[in-house]
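*Asks:* here is my input, please return the structure:
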Amino acid sequence: MKRLIALTLAILMLIVPAMLVAKDAGNRDVFRVGKAEFSSPTEFSVSLQVIHDEDLAAMDIPLSFSKGLTLNSVTFEGTAVKDFDAKIAGIENEKNRVVIGLIGMVYSLKENANLKPVPSGDNTVAVLHFTLNDPDLKTIEIAPFSNADPKHELMYVYNEWIDDVPHVQSLNPEFQGGTITLESRTPTGNIPTEFGLSQNVPNPFNPSTIVEYALPKDAQVNLSIYNVLGQHVKTLVDDMQRAGKQTVTWDGTDNGGNSVASGVYFYKIRAGDFSSTKKMLLLK
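*Replies:* Purely as a prediction, here's the structure:
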């Protein structure tokens, strides 16, 4: 058993895959990426899920993600591996990638150190928390990558018991769900209690920006852009809308579809008796 702990510690220290034998004792092993769940027009999370037949002792999860995103954090609270001894995440936003290492038992012997299969077939093992820097992105890609030094690849690690002796084995699961749509950016949650207009994001911007506003009840909404002379530039919204948090994107064009010049612009909302105006800056 001490040898097994030593092996898991080796895995934690960027893994020594040469010690692991690629073998799949089961017949259904999948690593799956969930959908985007928005908490604001520019903040969203994506869950990482595993489907497996073996009692998993460790996981190596190297992932790349699309440009135009910032990965703020990786959390494990409330996941199936919350009681694992080692839960580490090395985020490299400059390379658009993250390496996650999960090990059930490191510090001392304990019962139920492994992640067991569940009747539903899947477990959430981590949640990625992103900021959307490019509002024009309609989809993003999350995909596994391989690295030679230090060596990383998408891998599940488990113990195969032979004559009551554990043998460390590994397998490379099937990867699913790497293309994620960002079309629905309305945050989930309760209906707002009052009208509101948020600052556009990003600001300054080029070529487009997102405006969020809150409607505590159904209302006729007009949201328009004006230049510094007070001249109307473009109508973004002119419609009856349902209560909730709403978002709209301005692509820096006027009502004729022509790109406008750099400078300060104002956006004004009228919703029922509510009215508010804020300033934005377009830089080209």
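*Asks:* what is the burial count for Lys87?
*Replies:* 19 (other Cβ atoms under 10 Å). Bear in mind the C-beta positions are built from the backbone N, C-alpha and C, glycine included.
*Asks:* so what's it up against?
*Replies:* Contact partners of Lys87, counting by Cβ atoms under 8 Å, 6 or more residues apart in numbering, are 76, 81, 101-102, 126.
*Asks:* please repeat the previous calculation with a cut-off of 7 Å.
*Replies:* For Lys87, the contacting residues are 76, 81, 102, by Cβ atoms under 7 Å, 6 or more residues apart in numbering.
*Asks:* name whatever forms a beta bridge with the closest residue to Gly34 other than its chain neighbours.
*Replies:* Leaving aside its chain neighbours, Gly34 sits nearest to Ser47 (3.8 Å; criterion: Cβ to Cβ, 6 or more residues apart in numbering). Ser47 has the following beta-bridge partners by DSSP bridges: Val127.
*Asks:* mind giving me the domain ranges of the chain?
*Replies:* 2-181, 196-282 (automatic domain parsing).
*Asks:* pick out the shakiest of those, pLDDT-wise.
*Replies:* Lowest mean pLDDT within the domains of the chain: domain 2-181, at a mean of 83.
*Asks:* quick one, helices of the protein?
*Replies:* Ranges of helices in the chain, per DSSP state H, are 2-12.
*Asks:* list the residues that contact the nearest residue to Glu37 once chain neighbours are set aside.
*Replies:* Closest residue to Glu37 apart from its sequence neighbours, by Cβ to Cβ, 6+ apart: Ser45 at 5.1 Å. Applying Cβ under 7 Å, 6+ apart, we find Ser45 in contact with 37, 127-129.
*Asks:* out of those residues, who's nearest Gly257?
*Replies:* The closest of these to Gly257 turns out to be Glu37 (Cβ to Cβ; 33.2 Å).
*Asks:* of the contacts of Ser45, keep whichever come out buried.
*Replies:* Among those, those scoring as buried are 127-128 (criterion: 16 or more other Cβ atoms under 10 Å).
*Asks:* can I get the contacts of Ser45 in JSON lines with distance to Arg270?
*Replies:* Shown next, in JSON lines, are the contacts of Ser45 (distance: Cβ to Cβ, whole Å):
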{"residue": "Glu37", "distance to Arg270": "31"}
{"residue": "Val127", "distance to Arg270": "38"}
{"residue": "Leu128", "distance to Arg270": "38"}
{"residue": "His129", "distance to Arg270": "34"}
